[in-house]
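1. curious how this folds, go ahead:
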Amino acid sequence: MYENRKKLKGGYRPFLSEDERTLVTTSSRNTVYVYDLENRRLTHSIKTVSNVSKTMVSRDGKRLAAKNTGGVIAVLSLESGEEICRSRMEKREGEPMVFLDDEGLRLLDLDWDGRTMLLDCTSGEHRILDGPPPGAAKGTPRTAYIQYDIHTDRIYKFVSDDPKSWRGRIQVSAADPDRIAFETVWEGDRLPDHIRGICFCKTHNYYIDIVNEQFVVTDKEFKELSRADLPLGNSICSPCEIRVSPCEKYMFLDYGKQCDPRDHEAFRTAKALSGLFALDTLEQVAGFDYDYVSDFRMFHEDERFVLATWQGSYLGSL
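-> Now for the predicted structure:
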């Protein structure tokens, strides 16, 4: 079971630095909280763009980028708290950002329209490296999902040819602003379901096949290697979220509140159900009953974790 649990301010989608020393959480409005994980203490509380959704800290720990649900990015100095630049980008919500250098001078940004963009963090100017130009007409094919994989330093783009059947293809490009070039690595009748989370780990990728109630293991090119029935198959609800730990020792599944969501009174009082399972045996090693879980991250060789909710985060260890 888990121990040494500590509640943190902020939640939603935490950022964890590559050296696993810094954690960033956000409030539901405009506040970013920066934590030193070695000492488990809050080091910065910074107000920035409203409705913060994604954050990123440069490798030297001196700059913070915060993006909101409208796609606006603010870059701030963690030393002074002052804003260095702000850009509206292409006014579209997006995925986590990536600083391309240690000093936080350039930022790679991915939005929900499938654009890959480069932000100059000194001038605040940006340019589109790949994806639809401003004002492009909607239609198919379209990007259903786009994500950066820290383990391969590549960008994955899931292109939907038919939204009704989800037939499409997965394309991959190096995350190099000077040579963004997407190549198709997978094609099929149904794209992996990104709504419940696609996990990019060190040697494999994972996702949920919600039709068959199974989790699927693939190689880094999304070639299927194996699949297995989901744990807690007798739960009332299908899993809302899957997270596989970086070292691929554990799988976290959030099943949400255990009731019919159409029964409003029951939903108000129902208990939530989440569990952590050993990936090799699927035996449950920890259980959680937090409401409104939004993310789960493991670090320090899969020995410690942060569980984020819309009402705060919890830091613990196995």
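
2. any idea how far residue 80 is from the closest residue to residue 212 other than its chain neighbours?
-> Leaving out its chain neighbours, the residue that sits closest to residue 212 by CB to CB, 6 or more residues apart in numbering is residue 227, at 7.8 Å. For glycine as for every other residue, the C-beta is placed from the backbone atoms N, C-alpha and C. According to CB to CB, to the nearest Å, residue 227 stands 51 Å off from residue 80.

3. more crowded one of these two?
-> residue 227 (13 against 9; other CB atoms under 10 Å).

4. okay, that one and residue 28: tell me how far apart.
-> Distance, residue 227 to residue 28, by CB to CB: 36 Å.

5. next one: stretch 39-53 to chain centre, how far?
-> Centroid separation between stretch 39-53 and its chain, computed with CA atoms, centre = their mean, to the nearest Å, is 18 Å.

6. residues touching that stretch, excluding its own?
-> Stretch 39-53 is contacted by residues 6, 8-9, 12-13, 26-36, 64, 66-70, 72-74, 76, 78, 81, 83, 86, 93, 315 when judged by CB atoms under 8 Å, 6 or more residues apart in numbering.

7. ok, now which ones touch residue 25?
-> Residue 25 neighbours (CB under 8 Å, 6+ apart): 8-12, 14, 32-33, 35, 308, 313.

8. selecting buried members of these in PyMOL, what would you type?
-> In PyMOL syntax, the buried subset of the contacts of residue 25 is picked out as below (16 or more other CB atoms under 10 Å):
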select buried, resi 8+10+11+12+14+32+33+35+308+313
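
9. which ones among the contacts of residue 25 map onto strands?
-> Among the contacts of residue 25, DSSP state E puts 8, 11-12, 14, 32-33, 35, 308, 313 in strands.

10. same list (these) but as JSON lines, adding distance to residue 197 and pLDDT.
-> Below are these laid out as JSON lines (distance: CB to CB, whole Å; pLDDT from 0 to 100):
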{"residue": "8", "distance to residue 197": "21", "pLDDT": "95"}
{"residue": "11", "distance to residue 197": "16", "pLDDT": "92"}
{"residue": "12", "distance to residue 197": "14", "pLDDT": "91"}
{"residue": "14", "distance to residue 197": "14", "pLDDT": "96"}
{"residue": "32", "distance to residue 197": "23", "pLDDT": "97"}
{"residue": "33", "distance to residue 197": "23", "pLDDT": "97"}
{"residue": "35", "distance to residue 197": "23", "pLDDT": "97"}
{"residue": "308", "distance to residue 197": "13", "pLDDT": "95"}
{"residue": "313", "distance to residue 197": "17", "pLDDT": "96"}
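
11. now tell me which helix or strand of the chain has the poorest mean pLDDT.
-> For the chain, the helix or strand with the lowest mean confidence is helix 264-269, at a mean of 63 (criterion: mean pLDDT, DSSP states H and E).
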